[in-house]
Structures are given as C-alpha cells and as structure tokens.
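Student: after the sequence you'll find the predicted model.
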Amino acid sequence: MRIKLFSWLYFLPLCSIFFGIHVALVSGDCLGDGSVCLEDEMMLLLQLKSTLKFNDAASNKLVSWNQSTHCCSWGGVIWDATGHVVSLDLSSEFISGGFNGSSSLFNLQHLQRTQIRFHLDSIPIEISGLTRLVTIDFSNPVYFLGLPMLKLENPNLTMVVQNLTELRELYFDGVKISAQGKERCQALSSSVPNLHVLSLQSCYLSGPLDSSLLKLWSLSSICLDNNNFSAAPVPDFLANFSNLSQLRLSSCGLIGTFPEKIFQVRTLQILDLSNNMLLQGSLPEFPQGGSLETLVLSGPISSFHWDGLVNLVVLDLSNNALNGSLPKQLFSLPSLQKIKLSNNQFSGPLSEFPVVPFSALNTLDLSSNNLEGPIPESAFHLKSLQVLDLSSNKFNGTVELSSFQKLGNLTTLNLAGSIPSWIWKIGNGSLAYLNLSHNLLEDLQQPLSNPRPPLLSTLNLRFNQLSGPIPTPPPYSSYVDYSNNSSICNGSYLQVLDLSDNAFSGTIPSCLIQNEVLAVLNLGRNRLIGKILGELGHMCSLRTLDLTENLLDGKIPKSLANCEALEVLNLGNNRMNDTFPFWLKNISSLRVLVLRGNKFHGHIGCPDSNSTWPMLQIVDLALNNFNGVLPEKCFSNWRAMMAGEDDVQSKSNYLRFKILQFGQLYYQDAVTVTSKGKEMEFVKVLTIFTSIDFSCNNFQGEIPKDIGDLKLLYVLNLSGNGFTGRIPSSIGQLRQLESLDLSQNKLSGEIPAQLASLNFLSVLNLSFNQLVGRIPTGNQLQTFSENSYLGNKGLCGFPLNASCEAEDATPSISDGRHSSSRKEIK
C-alpha cells in the first residue's frame with residue numbers, strides 16, 4: 001500500500017452545502033399577528049411523513065410532526081405569516097425511501113426553499129412545478145462514501161430547472177448529471193437568470209465551462225469540485241462575475257496557467273484550484289483592499305507574492321515548487337488560521353517569528369520541505385494550535401516536554417523520528433490524527449488499550465516492528481494502516497484497512513468481507529489460510545480487494561459481484577481452485593484483475609456483453625490451468641487498452657482511493673507485474689499503463705488478430721501455451737509495446753515485418769516456436785540477441801549464426817506482406 005497524506009481533517013470545504021445549513025428569510029413569524037398554520041398544509045406534511053421511510057430513533061425532525069403538537073415546533077418546517085409552508089429542511093434524516101413524483105411535497109405551492117437528502121434513483125420532474133422555489137438542495141448525503149449516486153438523466157437538468165425562474169441557490173452535489181459542457185451551461189443561463197449560488201460538486205461533469213454562464217450576472221458562489229473538465233484551462237470569463245465571492249474548482253483536470261484576472265476580483269473571498277496538477281505559473285500581486293480569505297492551490301507554482309492578503313484566513317499552497325526561506329510575515333497576518341505549505345522546497349532554518357497577540361492560527365503544516373535547525377520557541381506560543389506537522393524536514397535539537405504542554409488545544413502532532421511516551425497525553429483525549437509510521441516501535445499498548453482517545457479517526461503505524469495479535473482499531477476510525485510490521489471487527493466506520501506485508505496467520509475474519517463501508521481491504525503477503533468466507537452484501541463498497549501471496553484455497557465468492565465499484569481484484573499466488581469469474585462481468589469499473597499462480601481452470605470465455613470490463617488495464621492469468629481458444633470479443637471490450645481522446649490527460653492519473661470525499665488523504669494502489677522478464681512492483685499505477693499476461697497456461701488456437709486494437713498496451717506475455725498459426729501482423733500496431741513474449745508455443749510462419757516498427761520494444765522473446773524465414777531487418781529487431789529467437793530451426797539471419805541464401809529478399813517493413821518462398825539455411 002502506498003498513500004499520499006495531507007492534513008485534511010481540519011480543512012473541510014467551505015460551501016455551506018457540506019454543513020446542510022440554509023437560512024430562510026420569510027415574511028412574519030410563525031403564527032404572528034394571530035395567524036395559524038393552514039390545515040391543508042399540515043395535512044400535506046403529515047401525508048408526506050406517512051409515505052417516507054425513515055428511522056424514528058434517529059429522526060429529530062419528522063418525528064416531531066404530529067397533530068397533537070403545535071405546528072411551529074415541527075422540525076425543519078418554516079411557515080409564513082399566512083400559514084403556508086415556505087421552507088422545508090429534511091437533511092440529516094437519512095430517509096431511505098417512500099419519495100416519488102406523486103409525493104404530497106409537490107402540492108406545497110408556496111414552498112420557497114427545500115433541502116432534501118433522499119436515497120433516490122433520479123430527481124422527480126414534479127420539482128419543476130414548485131415555481132416559487134428560491135433554494136433547492138438535492139445533494140446526495142452518501143456519495144462521498146462511494147454508495148449509489150442520485151442521477152439527473154431523465155428528467156434532465158433542462159427539464160428540472162426550466163420553470164424555476166426565481167431560483168437563487170442550486171445544490172446538486174453528488175448528483176450524476178448527464179448534461180455535457182455547453183448544454184449544461186445554457187440550460188442554467190436560460191432558465192435561472194437570478195441564480196446566486198451554483199454547487200455541482202462530484203457530479204461527473206465533463207467538457208469545458210461555456211461562456212453562456214455569464215448571463216447569470218448575479219452569480220456569487222461557484223462550487224464545481226471533483227469533476228473532469230477534459231483538460232481545459234481555467235476560463236478567463238470567470239473574472240467577469242462582478243459579485244464573485246467563492247470559486248472552487250479543485251480536482252477538475254484543469255491545465256494551463258492561472259488567469260491573473262481572477263486573482264484581481266476584489267469581492268473574491270474563497271479560491272480553491274487545488275489538485276489540478278497540470279496548472280502552472282506564478283501568482284501575481286493581489287489587489288490592496290481585496291477580500292480574499294481562503295486560498296488553496298496546488299501545482300508547479302514557483303513564486304508567490306504575499307502582499308495584499310491581510311484578510312487571509314486559510315492559506316494552502318501544498319504540493320507546489322515554492323522555495324527559499326519561509327517568510328516570517330505570514331505569522332503576522334492577524335486573521336490567519338491555517339498555514340499549509342507541505343511538499344514544497346522551502347529550505348534553511350525556521351527562524352523565530354513574531355506571534356500576533358491572541359493569534360487564531362490553529363494549523364501549521366510545513367511537512368516535506370528542507371527546513372533545518374531547531375524548532376523555534378515561537379511555535380509553542382501559538383496557543384490556538386490544534387495541528388502541528390513538521391515531519392520530513394531536517395530539524396534537530398532537543399525540545400522539552402514542557403514546550404508541548406503549552407499547546408493545550410493540540411489534537412494532531414506529526415514530528416516523525418522517535419516517539420516519546422508522553423505523546424498519548426496530548427490533547428487530553430481530543431487526539432484525532434496520529435502518525436507513528438517509519439519508526440522502530442515493537443509494541444503498542446496505548447491508545448489501543450483502554451483508555452483510548454475517543455476521537456481518533458486516523459492511525460498510521462506502518463513501517464515499524466510491531467508483532468503479536470492485530471490491535472483492535474479505535475471505534476470511530478476511518479483510516480488504519482498497520483502495513484509493513486511483523487479484534488479487527490469493531491471499526492464500523494473503517495474505509496481502508498491495510499495489513500499487508502506482515503506474518504499474520506489463520507483465516508480471514510468474515511466480518512471484514514461483510515463490512516459494507518470498507519472500500520480497501522489489503523491483506524496481501526501474509527500467511528492466511530482457508531477459504532474466503534462471508535457474504536458480500538448489495539451495499540458493498542469495496543474498490544480494492546488485495547489478498548495476494550497467502551495460502552488461501554477454495555473459490556472466489558459469487559457475492560463479490562455485488563461490489564459494483566470494484567477496481568482492483570488481486571488474488572495472485574494463492575491455492576485457489578475455481579473457474580474464470582465471468583460472473584463479475586457487470587462490474588464495469590474493474591481495472592486490475594490478477595489471478596496468477598493459482599489453480600484456476602477451464603475456458604476464460606467472456607460472456608456476451610459489449611460492456612465487459614471496459615476499464616480493464618491490467619489482467620494477469622499466468623501460471624494457472626486455463627485452456628481453450630482466446631475469444632476475440634474479450635479484447636474488443638477492453639477499451640481502456642485502446643487509444644482514445646483522453647490519453648494525454650490520463651497520464652496524470654493514478655489508481656488511488658480518496659478517504660472521505662472532502663479530504664486529501666489517499667490510499668495508493670500498488671500491483672506487481674512481470675514485465676521485461678522481471679517482477680516489478682508498481683507502487684503507483686498510472687491509469688494509462690496496460691498489461692496482459694496469459695503465460696504458462698494451456699491456451700490453444702490462433703492468437704486473435706483483434707489484439708492489434710489494444711494500441712495502449714505496454715506488456716504482452718502469451719508464453720508457455722499451445723498457440724498455433726502465424727504471429728498476427730496486427731501486433732505491429734501496438735506502438736507503445738515495451739515487452740513482447742510469445743516464447744514456448746507452436747507458432748509457425750515468418751516473423752511479421754511489422755514488428756520492426758515497434759520502436760519502444762525493449763524485451764522480445766520468440767524462442768522455442770516453429771518460426772521460419774529471415775528475421776526482419778531494420779529498427780528495433782536488430783537490437784535483440786540470439787536468445788530472443790532460439791529454438792526455431794527454420795529461422796535465419798542476424799543475430800542468429802544461420803544465414804539465409806543471398807537471393808532471398810528481406811521481408812518488407814512498409815507493405816507488411818510475407819514472402820511465399822521457402823528459405824534454405826546453409
């Protein structure tokens with residue numbers, strides 16, 4: 001397991017949607033001037049309550065709707081002076097069903113604001129009939145946990161908003177919106193001209209932003225994080241919104257340079273362009289008297305002006321290329337609460353700095369720089385400090401325990417190096433994040449034994465020398481990493497569990513398999529035995545299941561088909577005895593399938609489905625007992641191995657899992673691939689890297705010609721089988737190919753001349769077949785030794801010692817035709 005860590009727990013996004021808070025301003029107070037709640041409106045609400053499925057014990061709003069109680073005490077409801085319902089907030093109720101297009105909600109014709117968080121398949125078109133709506137919030141409450149998303153396809157975005165001309169605030173975070181680029185922007189600009197707030201985070205949006213958005217002249221808040229705008233630049237026209245106060249475009253695949261005009265918008269308070277790693281350039285001077293309070297940028301920024309930021313509250317410039325000394329004036333900014341400058345190139349000593357009286361600074365993250373010398377005493381006078389991360393620098397010297405005791409509010413401390421025993425006392429039980437990785441700890445008694453810090457959500461103990469029983473994780477932990485050390489079922493909020501590279505024995509606890517919140521389970525390289533027990537439910541959240549290099553036997557659980565978000569399945573090097581898992585055909589997200597080194601058998605016969613594993617990029621079936629003919633339709637469905645329009649952008653993406661949608665903590669998938677004759681561990685797997693390894697099985701018949709369509713293929717290994725016929729000339733189309741192994745088969749005919757055009761080929765093995773004729777000359781094929789061609793008695797020409805008759809023509813590279821004359825070896 002490989003992770004990318006940032007201090008994320010204390011910097012949640014600032015869009016109000018994340019907190020589910022909307023203030024409704026209505027005329028008059030409830031029952032003001034002797035008015036009463038209208039009976040018809042009360043009956044509509046009671047009818048709505050009766051149709052909804054919700055947990056009475058967990059409800060604090062719907063449970064209060066009762067004819068025996070005063071209507072003004074009904075939770076989530078605001079009435080106007082005439083007795084009509086004008087605002088309805090059913091967030092945090094976790095309603096599981098009972099809501100559809102016939103709901104009585106749509107008869108509340110005076111409704112101006114609605115905040116609804118239901119588990120639906122799609123948004124009902126009837127919402128467009130509530131023409132007085134000013135605020136609409138259909139944000140999905142569980143999308144950041146990887147659970148099914150609400151979709152906006154039929155009806156589409158245009159149909160839903162077409163009548164909502166009074167709309168001021170639109171929140172559809174986590175709703176999968178089908179409208180693309182220009183269509184999406186025009187639907188909004190033509191239907192909701194008075195829109196102030198637009199929040200479409202994690203909506204699977206694609207295509208660049210269209211300038212038609214400028215018609216929304218009142219727009220002040222734009223939140224579009226976690227979408228893919230197709231490698232587009234940051235649009236200049238965003239600077240033309242005269243009231244713009246918030247712009248959030250993090251993780252949007254943006255490229256190019258920062259438009260300076262955006263930074264000059266005086267009303268701008270929040271700007272977040274983080275995790276767009278292809279953005280570049282330096283930042284201009286900010287306007288004096290500007291309003292900027294939050295600035296979050298990541299990319300290769302090399303310089304920065306610190307003036308004009310007197311109102312700054314949050315500064316996050318992590319993961320850039322900033323260098324030189326750390327500027328002291330940062331600590332003088334009176335309103336600054338968070339400084340996050342990790343993963344830059346700052347160097348030299350961290351000098352003593354002036355501490356502003358009553359400083360509000362609560363987060364200081366300078367990790368992964370080149371700072372050196374002693375930790376300044378000034379840091380221990382930041383009384384409000386909650387997060388202090390100075391790890392991965394070159395600090396030295398001694399720090400007295402009494403210095404840390406001055407930081408009474410500290411909840412997160414990361415210094416790396418030797419960890420003193422008093423660290424468990426920090427925060428007086430409020431410790432939420434603890435990183436003890438890369439030390440020499442041999443035993444751990446606290447906080448995992450009572451008393452334990454009740455709020456600890458992240459515990460990183462990897463790369464120590466821990467042994468003995470697996471410690472039970474804290475009850476509310478969402479990330480626990482025990483990897484690379486020498487009961488687990490209580491983590492009901494656990495999303496990532498990595499126990500790889502240990503010596504754990506016994507069977508896999510069924511509770512881990514049945515955990516519906518767990519997204520990553522990595523138990524690889526241990527001594528686990530037995531079958532994979534437990535039933536994976538329909539709400540399975542698994543994205544990575546890595547059980548490689550254990551002693552597991554039995555079959556793959558059929559219930560794994562319920563894990564519709566599965567991306568990585570690695571069962572390699574065990575003792576499993578099963579047939580090919582064709583029943584996983586509907587998991588369209590699968591990217592890595594490793595079954596090597598087991599006892600799998602039978603045909604791999606892909607099922608009749610045009611969508612079978614379109615994202616598959618690494619498939620390793622080597623060292624099994626598979627047999628039969630390779631069906632061509634398998635290769636035609638693996639579209640991730642084919643050239644596409646997004647190739648360039650995909651090079652910047654890795655297989656990884658984001659722990660909580662709003663944070664910057666990642667689990668980095670890793671996989672071992674046999675490439676170029678060696679086993680290599682890819683600790684970061686680019687989504688553009690592709691590999692096929694079917695070696696050491698019993699496959700027969702001809703190699704399918706369709707394999708030449710996989711133009712993004714890097715590694716192809718079909719050795720050690722019983723393939724017959726000619727080598728397909730279409731393999732010459734695999735221009736990215738670096739390793740080709742077709743050895744130890746029964747291939748016949750001549751070597752296709754097209755193989756000479758594989759300019760990136762660094763490993764070639766065609767040995768021990770029945771190939772004949774002259775080895776093609778030119779380009780890459782002449783760089784390989786005779787070992788690449790041994791065991792083919794009919795081959796001649798360089799680099800073999802067997803020469804060909806002079807009159808025989810060398811096969812043409814350009815026309816791709818095979819010579820029909822027989823070669824005679826002297």
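Tutor: Okay, I see it.

Student: chain neighbours aside, what residue packs nearest to Pro704?
Tutor: Glu632 (4.2 Å; Cβ to Cβ, 6 or more residues apart in numbering). Placement of C-beta: from N, CA and C, glycine included.

Student: phi first, then psi, for that neighbour.
Tutor: phi -60, psi -30 (degrees, to the nearest 10).

Student: for it, what are its contacts?
Tutor: Pro704, Lys705, Asp706 (Cβ atoms under 8 Å, 6 or more residues apart in numbering).

Student: ok, so what distance separates the closest residue to Leu616 other than its chain neighbours from Asp620?
Tutor: Excluding the flanking residues, the one nearest Leu616 by Cβ to Cβ, 6+ apart is Trp638, at 4.9 Å. Distance, Trp638 to Asp620, using Cβ to Cβ, to the nearest Å: 14 Å.

Student: now for the residue lying closest to Asn323 once chain neighbours are set aside, how many residues are close by?
Tutor: Nearest residue to Asn323 in three dimensions, chain neighbours excluded: Gln345, at 4.0 Å (Cβ to Cβ, 6+ apart). Using other Cβ atoms under 10 Å, the number of residues around Gln345 comes to 13.

Student: wait, Gln345 sits on Asn369?
Tutor: Yes - look at Gln345 against Asn369 with Cβ atoms under 8 Å: they come within range, at 6.7 Å.

Student: which residues of the stretch 351-500 of the chain fall in helices?
Tutor: Applying DSSP state H, counting those that start in this stretch to the stretch 351-500 of the chain gives helices spanning 401-405.

Student: again, but for the stretch 601-750 of the chain
Tutor: According to DSSP H, counting those that start in this stretch, the helices that the stretch 601-750 of the chain contains are 632-637, 647-650.

Student: worst mean pLDDT among the ones you listed?
Tutor: Mean pLDDT is lowest for helix 647-650 among the helices of the stretch 601-750 of the chain, at a mean of 40.

Student: number of residues surrounding Leu584?
Tutor: 19.

Student: next one: Gly253
Tutor: Neighbour count for Gly253, taken as other Cβ under 10 Å: 22.

Student: per-residue confidence at it?
Tutor: At Gly253, the model reports a pLDDT of 81.

Student: gap between the nearest residue to it once chain neighbours are set aside and Arg184?
Tutor: Of all residues not flanking Gly253 in the chain, Asn228 sits nearest, at 4.8 Å (Cβ to Cβ, 6+ apart). According to Cβ to Cβ, Asn228 stands 13 Å off from Arg184.

Student: the two: who's more crowded?
Tutor: Arg184 (24 against 17).

Student: tell me the mean pLDDT for the one helix or strand the more buried one maps to?
Tutor: Under the criterion of DSSP states H and E, Arg184 resides in helix 181-191. The pLDDT scores in helix 181-191 average 84.

Student: which parts of it are buried?
Tutor: Gly181, Arg184, Cys185, Gln186, Ala187, Leu188, Ser189, Ser191 (16 or more other Cβ atoms under 10 Å).

Student: can you check stretch 741-748 too?
Tutor: Asp741, Leu742, Ser743, Gln744, Asn745, Leu747.

Student: per-residue confidence at Leu547?
Tutor: For Leu547, the model assigns a pLDDT of 95.

Student: hang on, the earlier thing: tell me what the helix holding Arg184 is packed against?
Tutor: helix 157-161 (3 or more Cβ pairs under 8 Å, 6 or more residues apart in numbering; DSSP states H and E).

Student: need the next SSE after the helix it packs on, C-terminal direction.
Tutor: Assigned by DSSP H and E, the successor of helix 157-161 is strand 169-171.

Student: would you mind listing the outside residues contacting the next helix or strand after that following strand?
Tutor: Once strand 169-171 ends, the next helix or strand along the chain (criterion: DSSP H and E) is strand 175-177. Here strand 175-177 makes contact (Cβ under 8 Å, 6+ apart) with 123, 138-140, 149-153, 157, 184, 200, 203-205.

Student: Ala432 touches Leu459, doesn't it?
Tutor: No - taking contacts as Cβ under 8 Å, Ala432 lies outside contact range of Leu459: 10.1 Å.

Student: what pLDDT does the model give the nearest residue to Leu164 once chain neighbours are set aside?
Tutor: Closest residue to Leu164 apart from its sequence neighbours, by Cβ to Cβ, 6+ apart: Leu133 at 5.4 Å. Note on Leu133: pLDDT of 82.
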